[in-house]
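**Q** Sequence first, then the predicted structure:
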Amino acid sequence: MRFIKQLSQVLILYGFFLVGGWLQSGLHIPLPGSILGLLLLWAALSLKVVSLKWVESGAYLFLSVLPVFFLPATVGVMNYGHVFTGKGFFLIPITIGSTFMTMWIASFVSQAIARRTEKRRAGSKCS
Amino acid sequence: MQLILLAILFIFLTIAIYSVMTLVYVKYHNPFLIPILTTTIALIIVLLLFNVPYETYMIGGKWIDKLLGPAIVALAIPLYKQRKLLKQYLYPILGGVTAGIIIGMVSGIFFAKILGFSKEIVLSILPKSITTPIAMQISDQLGGIPSLATVFVIIAGLVGVIFVQPFFNFSRIDSAIGRGIGLGVAAHALGTSKAIEYGEQEASMSSVAMTLSAILGSFLGPIIAWFFY
């Protein structure tokens, strides 16, 4: 019974994915169909068109084994080993450096905005 | 008939190796042992040992690959469940995620282009800070190589997890918001697994930041790529 429930929930998720794909190809939206499906489902949940109960256990079934679904793609790197030889080695330090920059900017900006709003809140309380 | 048997064999092999590698990771909990990395390496070694080309493996692999799209849709659920947190910290989250995504994509493209890498490779490095399934779709849509994109994504995630503590000390990032968002934006799911070690607020911040940066990244990716090409 639980399996049938999860299976039907997975089918609902698949439905959102299909609709996202149709929207993408039909309206020529430059976003992956799966992201459109994600946004649609999020909107449907927020607008209470879809209840969390209808999709939750199916979704967590998917998410608990998420890495399995991209293994076929990661294995594909076996055809691209040559990219990282010679000059290609520099792609690794580029990725590392760029990741530090990303982390620093994201942390710094969010921390600064959060501190500023906290201060403003504290300030308005005093006055 | 032979094709069906091959497909079943490769699907079974993938799931079996992944299950074993997950057990290994649960036991030793070292970032270099994340199942996606170890399973990929193990699968490649098996294929090379038996002289199986990738195209043959994909007779089975493509069936697993087909489930990736609906799995991405499922990410809407954790994001929806965190809506209170998102609403409460809307500006710090949006600000940090947007700034991080833009700097991450622009710096990656910039350095790769300066060193004269081909367009295909540059467009594969672009989504490196975004969670693997969505990074693959972004690079694919832009004309990059999804398999290659996953390599950069994994490197970014490992950097985040391994160097995060000295980085936070050095850069004086000491709030739960700053730490969670930095980890989620720069190091996606791996960063989120690290954020759990810091605390509950860091973990939920990181998971919200990861999903939002995937969504925003698929909007901004084509725009940033367009500026460079």
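**A** It's in.
**Q** from here on, contacts and neighbour counts on C-alpha atoms
**A** Fine.
**Q** Tell me how far stretch A:99-114 lies from the chain's centre.
**A** Stretch A:99-114 sits 19 Å away from the centroid of its parent chain (Cα atoms, centre = their mean, to the nearest Å).
**Q** Helices of chain A, residue ranges please.
**A** A:2-27, A:33-46, A:52-64, A:66-75, A:91-126 (DSSP state H).
**Q** Save the ones you listed as CSV, and put in distance to B:Ser19 too.
**A** Putting those into CSV (distance: least, Cα to Cα, whole Å) gives the following:
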stretch, distance to B:Ser19
helix A:2-27, 20
helix A:33-46, 26
helix A:52-64, 12
helix A:66-75, 9
helix A:91-126, 29
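**Q** In JSON lines: these, plus mean pLDDT and mean neighbour count.
**A** Listed next are the helices of chain A as JSON lines, based on pLDDT from 0 to 100; neighbours: other Cα atoms under 10 Å in any protein chain shown:
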{"stretch": "helix A:2-27", "mean pLDDT": "91", "mean neighbour count": "17"}
{"stretch": "helix A:33-46", "mean pLDDT": "93", "mean neighbour count": "22"}
{"stretch": "helix A:52-64", "mean pLDDT": "88", "mean neighbour count": "18"}
{"stretch": "helix A:66-75", "mean pLDDT": "87", "mean neighbour count": "24"}
{"stretch": "helix A:91-126", "mean pLDDT": "90", "mean neighbour count": "20"}
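**Q** Which one of these lies nearest to B:Thr211?
**A** helix A:33-46 (10.1 Å; Cα to Cα).
**Q** how about the CA coordinates for that closest one, as PDB?
**A** What follows is helix A:33-46, C-alpha atoms only, in PDB (Å, rounded to 0.1, in the frame of the first residue of the first chain):
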ATOM      1  CA  GLY A  33      12.200  21.800 -18.200                       C
ATOM      2  CA  SER A  34      12.900  20.300 -14.800                       C
ATOM      3  CA  ILE A  35      13.500  23.700 -13.200                       C
ATOM      4  CA  LEU A  36      10.200  24.900 -14.700                       C
ATOM      5  CA  GLY A  37       8.600  21.800 -13.200                       C
ATOM      6  CA  LEU A  38      10.100  22.600  -9.800                       C
ATOM      7  CA  LEU A  39       8.800  26.200  -9.900                       C
ATOM      8  CA  LEU A  40       5.400  25.100 -11.000                       C
ATOM      9  CA  LEU A  41       5.200  22.600  -8.100                       C
ATOM     10  CA  TRP A  42       6.400  25.200  -5.700                       C
ATOM     11  CA  ALA A  43       3.800  27.600  -6.900                       C
ATOM     12  CA  ALA A  44       1.100  25.000  -6.700                       C
ATOM     13  CA  LEU A  45       2.100  24.200  -3.100                       C
ATOM     14  CA  SER A  46       2.200  27.800  -2.200                       C
END
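**Q** what does it rub up against?
**A** Defining contact as Cα atoms under 8 Å, 6 or more residues apart in numbering or on different chains, one finds that helix A:33-46 is touched by A:16-24, A:50-52, B:69-70, B:72-77, B:79-80, B:134, B:215, B:218.
**Q** same question, stretch B:157-175
**A** Stretch B:157-175 is contacted from outside by A:96, A:99-100, A:103-104, A:107-108, A:111, B:31-32, B:129, B:179, B:183, B:186-191, B:194, using Cα under 8 Å, 6+ apart.
**Q** And stretch B:94-109, by the same measure?
**A** Identification of contacts with stretch B:94-109 by Cα under 8 Å, 6+ apart yields A:94-95, A:98-99, A:101-110, A:113, B:122-123, B:125-129, B:181-182, B:185-186, B:209, B:212-213, B:216-217, B:220-221, B:224, B:228.
**Q** Show me what counts as buried in the helix ranked longest in chain B.
**A** If you go by DSSP H, chain B has its longest helix at helix B:200-228. For helix B:200-228, a neighbour-count test (16 or more other Cα atoms under 10 Å in any protein chain shown) marks B:201-222, B:224-225 as buried.
**Q** Would you check which of these are in contact with chain A?
**A** B:Ile215, B:Ser218, B:Phe219, B:Pro222 (Cα under 8 Å from any Cα of the partner chain).
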